[in-house]
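S.K.: I would like to see how this sequence folds:
(one chain, ligands or ions: 1)
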Amino acid sequence: IEEAEKFRIEYWELEEAKLRRMPAPKPLATRIALVTGAGSGIGRAIARRLAAEGACVVVADLDGDSAAAVAQELGGPDTAVPVTVDVTSEEQVEAALEQALLAFGGVDLVVNNAGISISKPLLETTAADWDRQHAIMARGSFLVSREAARAMIAQGMGGDIVYIASKNAVFAGPNNIAYSATKADQAHQVRLLAAELGEHGIRVNGVNPDGVVRGSGIFAGGWGAQRAAVYGVPEEKLGEFYAQRTLLKREVLPEHVANAVFALTGGDLTHTTGLHVPVDAGVAAAFLR
Ligand code: NAD
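M.R.: Have a look, this model is predicted:
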């Protein structure tokens, strides 16, 4: 019994020591962020918001020109640097994280936002479609999170990893089996990494947007036309149509998704990890398609 009691005391002393070492989340003005897919749409809005809060931002995108334009807009090399990266490439992801180290000395906030949408019914979805979609969103975000976690653990100061998943991670939408399956994959990455990285003070959370039509390259690139045809509305009216079907009767804009990233990483949610925040003006809550 004495031995057991000694063990119990030693165990709790160790646990308490661990807690004392646990880094508290830092204010955004002191942080170094890397946002993937930050050359357009939601990613650009997130990069803008983080920079406006005082963070240094690595603007990472497959499209190097748009990344460069956003980095320039955010104030240039002292506050934002562009990185051309294909998130499906292990070497390029490693190099992007290295770039954060070179430019700003580290990274403690990473947003997995890069994405495409291959939106087809099951019977038209090819194996190549499936692989491409999963390469970018499942493999890509896994690679980015792994490299980010390596850097954050080495720094020993904790950090945040945020996934821009989707309402489709949870609810079934029509004609996008490949897209929605990768979003569900991302949602589980959030839970798995929250469980694995918590002891390093790294919080992992997700944001589930829906219906961000205006400013979205995904919508402009074909998904919008397809949705407009399904709902029988002109494509230019799709934003308003989406707004009307929400509980709040509000259009969701990229800035609203950025607000959620701010709330999770820079606000008061210091003890929140493994959470998915819907930014859909109520669509998921009401089970609307
Ligand atoms: P977007 O097309 O405007 O932005 C996506 C960005 O990702 C682009 O800049 C693109 O160049 C980049 N990208 C694509 N492939 C890449 C790769 N291999 N490596 C690096 N970058 C790459 O689209 P968006 O609507 O802003 O979407 C951003 C994210 O939000 C996506 O993950 C999307 O699935 C998610 N999302 C969007 C909505 C919406 O309603 N628009 C809803 C739910 C989830």
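S.K.: and the residue of the stretch 51-200 of the chain nearest the ligand?
M.R.: residue 115 (2.6 Å; C-beta to the nearest ligand atom). For glycine as for every other residue, the C-beta is placed from the backbone atoms N, C-alpha and C.
S.K.: wait, a strand at that residue?
M.R.: No - Residue 115: not assigned to a strand; according to DSSP: H, G, I helix; E, B strand; the rest coil it is coil.
S.K.: and the pLDDT at it?
M.R.: Confidence at residue 115, expressed as pLDDT, is 98.
S.K.: tell me how far the nearest residue to it once chain neighbours are set aside lies from residue 168.
M.R.: Closest residue to residue 115 apart from its sequence neighbours, by C-beta to C-beta, 6 or more residues apart in numbering: residue 137 at 5.4 Å. Here the distance between residue 137 and residue 168 works out to 11 Å (C-beta to C-beta, to the nearest Å).
S.K.: the two - which one has more neighbours?
M.R.: Looking at residue 137 and residue 168 with other C-beta atoms under 10 Å, you find the greater number of neighbours at residue 137, namely 29 against 21.
S.K.: all strands of the protein, in order?
M.R.: Using DSSP state E, the strands of the chain run over residues 32-36, 56-61, 80-84, 109-112, 159-164, 202-209, 276-279.
S.K.: can I get those in CSV including distance to the ligand and mean pLDDT?
M.R.: Output for the strands of the chain, formatted as CSV (distance: least, C-beta to the nearest ligand atom, whole Å; pLDDT from 0 to 100):
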stretch, distance to the ligand, mean pLDDT
strand 32-36, 6, 98
strand 56-61, 5, 98
strand 80-84, 9, 98
strand 109-112, 8, 98
strand 159-164, 4, 98
strand 202-209, 4, 98
strand 276-279, 9, 97
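S.K.: now those strands in TSV, with distance to residue 26 and mean neighbour count?
M.R.: Written out in TSV, the entries for these read as follows (distance: least, C-beta to C-beta, whole Å; neighbours: other C-beta atoms under 10 Å):
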stretch	distance to residue 26	mean neighbour count
strand 32-36	10	30
strand 56-61	13	30
strand 80-84	19	23
strand 109-112	9	30
strand 159-164	9	27
strand 202-209	12	26
strand 276-279	20	21
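S.K.: could those strands go into JSON lines alongside distance to residue 176?
M.R.: Supplementary listing: these in JSON lines, determined by distance: least, C-beta to C-beta, whole Å:
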{"stretch": "strand 32-36", "distance to residue 176": "21"}
{"stretch": "strand 56-61", "distance to residue 176": "23"}
{"stretch": "strand 80-84", "distance to residue 176": "28"}
{"stretch": "strand 109-112", "distance to residue 176": "19"}
{"stretch": "strand 159-164", "distance to residue 176": "16"}
{"stretch": "strand 202-209", "distance to residue 176": "15"}
{"stretch": "strand 276-279", "distance to residue 176": "18"}
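S.K.: surely residue 258 touches residue 49?
M.R.: Yes - here residue 258 reaches residue 49: they are 3.9 Å apart, a contact under C-beta atoms under 8 Å.
S.K.: report how many residues lie close to residue 230.
M.R.: Residue crowding around residue 230 was assessed by other C-beta under 10 Å; the count is 11.
S.K.: neighbours of the closest residue in space to it that isn't next to it in sequence, just the number please.
M.R.: In this structure, residue 230 finds its nearest non-sequential neighbour in residue 174, 7.2 Å apart by C-beta to C-beta, 6+ apart. Residue 174 sits with 13 neighbouring residues when counted by other C-beta under 10 Å.
S.K.: for residue 174, phi and psi?
M.R.: The phi and psi values for residue 174, taken as degrees, to the nearest 10, are phi -80, psi 150.
S.K.: if I look at it, how far off is residue 235?
M.R.: Going from residue 174 to residue 235 by C-beta to C-beta gives 17 Å.
S.K.: just to revisit the earlier point, so what's the residue of the stretch 51-200 of the chain closest to the ligand up against?
M.R.: Contact analysis of residue 115 by C-beta atoms under 8 Å, 6 or more residues apart in numbering lists 37, 136-137, 164, 218.
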